[in-house]
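Chemist: Let me see the structure of the following:
(one chain, ligands or ions: 1)
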Amino acid sequence: KFSPSLPLPPGPNGYPIIGNLLDMPAVMPWKTFQEWSKVYGDVMFLRLPGNPIVILGSTQATFDLLAKCSDIYSDRPTSVMQTMMFWDWAMSLMPYTQTWREHRREFHQYFYQRKVPTYHPVQLAQCRAGLQRLLASPTENVGQNIRQIFTAIILKVTYNLDITDLRDEYVVMAQKALEGVSLGTVPGKFWVEFFPILRHIPSWVPGNSAGKMADHYKPIVEFMRNKPFDEIKQDMMHGNIVPSIASSLIERVYKKSGEDYSTPINDTLARNVAGIAYAGSSDTTTSAAQSCLIAMSLYPDVQRKAQEELDGVVGPNRLPDFDDHEDLVYLRAIVLEAMRWMVVLPLCIPHRVIRDDEYKGFLIPKGTIVMPSSRAMLHDPEDYPEPEVFKPERFIKDGEINPAVRDPFTLAFGFGRRICPGRYFSNDALFMTLASILHTFNIHPILGENGRKFDPETELITGLISAPTHVPCTVTPRSKKAEDLIRQLPLSVGEAS
Ligand code: HEM
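Modeler: All right, here's what the predicted structure looks like:
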């Protein structure tokens with residue numbers, strides 16, 4: 001029990017009624033929050049109408065609250081923009097309710113750690129299809145090629161769909177739908193979040209950017225959630241059942257109802273779980289892999305060391321596979337460093353506390369939105385000296401991953417009961433993509449005017465999910481032998497899985 005007269009945590013002074021609304025940074029808010037934390041401390045309070053926010057600026061405070069007190073810190077804020085854009089079906093944004101629990105349980109059945117190796121053949125096949133595309137057009141849109149690898153993997157395992165083109169509507173629509181949620185959830189960007197009455201203003205009214213944005217993204221999000229699911233359901237009605245996560249979810253839901261596939265039943269849970277696998281996977285893993293490619297282009301020594309390791313472990317006569325994972329220590333360290341260096345969700349996904357709490361003598365009032373400053377933690381010089389430098393060596397001691405250095409995976413994938421349930425799937429896909437590309441290609445930077453290099457501090461998309469604004473890289477085959485390895489792969493290897 002604690003006194004309700006406890007002080008609120010410190011934070012910037014705001015104005016009456018609107019509090020800190022005018023202070024909220026529109027661009028890369030994680031940077032401003034990190035600066036403010038230096039002044040106000042690691043538990044910082046921002047007054048916003050109806051939605052106070054606490055920013056957690058240190059690993060200690062984040063673990064104390066979001067992990068140790070996960071029973072009360074696992075709610076999510078409701079968002080008017082999410083509802084306006086048709087994102088409220090998504091488990092990642094759902095409040096902490098029985099419905100969320102059911103979704104999470106169902107999702108877990110398909111993505112728990114020991115289940116993930118059953119997807120390795122698809123991951124391997126899509127990585128290799130990516131190599132074929134890179135060989136065919138080594139200078140053309142490397143970043144989008146990477147996106148296709150991850151979108152194709154998740155669409156294959158979730159809906160048994162084959163993606164053969166960078167412009168495939170499923171690749172494009174997923175990217176756009178995620179762009180919507182990402183932009184629509186920048187804290188403080190849309191006043192409709194604080195004054196929900198504003199949602200009734202028609203979207204054609206000048207200045208109503210929230211309404212216009214919602215009108216634009218809603219049909220795209222509907223497409224993403226419903227189109228592939230409806231297609232697979234149609235196939236099943238016609239007796240064409242091909243194994244996939246969606247078909248398994250549909251089977252389960254029909255078995256429970258006792259109906260046959262021609263009878264319409266409530267399939268919301270199955271639809272949502274398949275939809276969030278697709279939505280949660282493509283943008284996040286793509287962002288991590290793209291920043292890793294950029295790192296390789298900016299740090300040629302790291303690239304060379306990784307290739308030397310691959311030469312020693314895999315050798316010139318074959319492509320890497322998942323059996324090489326244990327022996328590729330430097331490459332594993334690169335994946336760790338990539339998750340730390342350019343943080344995919346710099347402010348995690350906001351949590352919300354469901355009752356009053358006390359921390360370090362401060363009151364954290366019920367309903368406060370709690371945002372861990374993941375980017376600040378992953379760039380804390382105490383844990384990671386020279387944090388802005390891409391240095392996989394920081395994780396290695398005596399030829400092994402050093403357990404004494406904080407594992408970025410414990411920060412980059414969130415906390416407590418809301419921790420990312422797709423993390424094992426994503427790590428394996430990321431590892432294999434990097435191993436495959438580095439084994440066969442050299443990665444080069446595309447320099448800007450006057451030889452300017454990509455700046456990882458500023459050239460980032462502002463959003464829930466952050467990513468490099470562009471991927472200024474090209475590739476060249478490492479050798480004739482490497483080229484032959486790719487050419488020997490069966491054509492359309494990506495579809496052969
Ligand atoms: C580099 C890749 C990824 C990163 C950095 C990442 C990071 C995160 C983070 C930070 C959260 C929020 C955790 C919290 O609120 O404390 C999250 C949630 C989630 N992620 Fe991921 N993720 C990645 C890949 C994936 C993949 C591949 C999938 C699906 C296969 C996925 C599915 C989800 C889902 C469903 C949630 C919501 C969990 C919930 O609210 O209960 N993620 N992720």
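
Chemist: which stretches of the stretch 101-250 of the chain form helices?
Modeler: With DSSP state H, counting those that start in this stretch as the criterion, the stretch 101-250 of the chain has helices at 120-136, 142-159, 169-184, 209-237, 245-257.

Chemist: Please say whether there is contact between the third one and the ligand.
Modeler: Spelled out, it's helix 169-184. No: using CB under 6 Å from any ligand atom, helix 169-184 stays clear of the ligand, with a minimum separation of 11.4 Å. Where C-beta positions appear, they are placed from N, C-alpha and C, glycine not excepted.

Chemist: can you tell me which of the helices of the stretch 101-250 of the chain comes nearest to L411?
Modeler: In terms of CB to CB, the element of the helices of the stretch 101-250 of the chain nearest to L411 is helix 169-184, at 19.7 Å.

Chemist: quick one: contacts for whichever residue of the stretch 201-350 of the chain sits closest to the ligand?
Modeler: Using CB to the nearest ligand atom, the closest approach of the stretch 201-350 of the chain to the ligand is made by G280 at 2.9 Å. Contacts for G280 (CB atoms under 8 Å, 6 or more residues apart in numbering) come out as S92, C420, G422.

Chemist: Comparing the helices of the stretch 101-250 of the chain, which comes out most buried?
Modeler: helix 142-159 (a mean of 25; mean count of other CB atoms under 10 Å).

Chemist: Which residue does the stretch 1-150 of the chain have closest to the ligand?
Modeler: S92 (3.3 Å).

Chemist: and the least confident of the contacts of G280?
Modeler: The member of those with the lowest pLDDT is S92, at 93.

Chemist: show me what contacts that residue?
Modeler: For S92, the contact set (CB under 8 Å, 6+ apart) comprises I276, A279, G280, I349.

Chemist: quick revisit: possible to save the contacts of G280 as a markdown table with distance to V253 and secondary structure?
Modeler: Listed next are the contacts of G280 as a markdown table, based on distance: CB to CB, whole Å; DSSP: H, G, I helix; E, B strand; the rest coil:
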| residue | distance to V253 | secondary structure |
| --- | --- | --- |
| S92 | 21 | helix |
| C420 | 25 | coil |
| G422 | 21 | coil |
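
Chemist: Can you add distance to P264 and give those residues back as CSV?
Modeler: Converted to CSV, these look like this (distance: CB to CB, whole Å):
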residue, distance to P264
S92, 27
C420, 33
G422, 30
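
Chemist: now, which of these sits nearest M213?
Modeler: Comparing the contacts of G280 against M213 with CB to CB places S92 closest, at 19.4 Å.

Chemist: and the closest one, how far is that from D283?
Modeler: Relative to D283, S92 is positioned 12 Å away (CB to CB, to the nearest Å).

Chemist: Whichever helix or strand T284 is part of - what's its average pLDDT?
Modeler: Counting by DSSP states H and E, the element that carries T284 is helix 268-298. What helix 268-298 shows for mean pLDDT is 94.

Chemist: how about the strands in the stretch 1-150 of the chain?
Modeler: 43-46, 53-56 (DSSP state E, counting those that start in this stretch).

Chemist: Ranking the ones you listed by mean neighbour count, which comes first?
Modeler: Using mean count of other CB under 10 Å, strand 53-56 ranks as the most buried of the strands of the stretch 1-150 of the chain, with a mean of 28.

Chemist: Now tell me what touches it from outside.
Modeler: So strand 53-56 is contacted by 9, 33, 36-37, 42-46, 62, 65-66, 187, 350, 364, 368-373 (CB under 8 Å, 6+ apart).

Chemist: How about the residues of the stretch 201-350 of the chain by the ligand?
Modeler: I276, A277, G280, S281, T284, T285, A288, V344, L345, C348, I349.

Chemist: picking up where we left off before, now render the strands of the stretch 1-150 of the chain as JSON lines, adding mean pLDDT and distance to the ligand.
Modeler: JSON lines is the format used below for these (pLDDT from 0 to 100; distance: least, CB to the nearest ligand atom, whole Å):
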{"stretch": "strand 43-46", "mean pLDDT": "95", "distance to the ligand": "17"}
{"stretch": "strand 53-56", "mean pLDDT": "95", "distance to the ligand": "11"}
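
Chemist: Please convert these to a markdown table, extending it with distance to Q303.
Modeler: Below are the strands of the stretch 1-150 of the chain laid out as a markdown table (distance: least, CB to CB, whole Å):
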| stretch | distance to Q303 |
| --- | --- |
| strand 43-46 | 39 |
| strand 53-56 | 35 |
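
Chemist: what number of residues lie near P10?
Modeler: Using other CB atoms under 10 Å, P10 has 14 other residues around it.

Chemist: repeat for S262
Modeler: Residues within reach of S262, counting by other CB under 10 Å, total 8.

Chemist: do the same with L489
Modeler: 17.

Chemist: roughly how far apart are it and the ligand?
Modeler: 25 Å (CB to the nearest ligand atom, to the nearest Å).

Chemist: Give me the pLDDT value at the nearest residue to that residue once chain neighbours are set aside.
Modeler: Spatially, and ignoring its direct neighbours in sequence, L489 is nearest to R128 (5.5 Å; CB to CB, 6 or more residues apart in numbering). Reading off the confidence values, R128 has pLDDT 96.

Chemist: R128 contacts Q488, doesn't it?
Modeler: No: assessed by CB atoms under 8 Å, R128 is found out of contact with Q488, at 10.5 Å.

Chemist: What's the end-to-end length of stretch 236-254?
Modeler: 11 Å (CA to CA, to the nearest Å).

Chemist: Just the mean pLDDT for it, thanks.
Modeler: 92.

Chemist: Pick out the most distant pair among the residues of the stretch 201-350 of the chain next to the ligand.
Modeler: Checking those with CB to CB, the most distant pair is A277 and C348, at 19.5 Å.

Chemist: how far away is A246 from V302?
Modeler: Taking CB to CB, one finds A246 at 39 Å from V302.

Chemist: Let's test this: name the helix or strand in the chain with the lowest mean pLDDT.
Modeler: Ranked by mean pLDDT, DSSP states H and E, the helix or strand of the chain with the weakest confidence is helix 169-184, at a mean of 80.

Chemist: returning to that earlier point: go through the helix holding T284 and flag the buried ones.
Modeler: 269-298 (16 or more other CB atoms under 10 Å).

Chemist: so how far is that helix off the chain centroid?
Modeler: The chain centroid and the centroid of helix 268-298 are separated by 5 Å under CA atoms, centre = their mean, to the nearest Å.

Chemist: what does the stretch 351-497 of the chain put close to the ligand?
Modeler: Going by CB under 6 Å from any ligand atom, the residues of the stretch 351-497 of the chain near the ligand are H351, A412, F413, G414, F415, R418, I419, C420, P421, G422, F425, S426.
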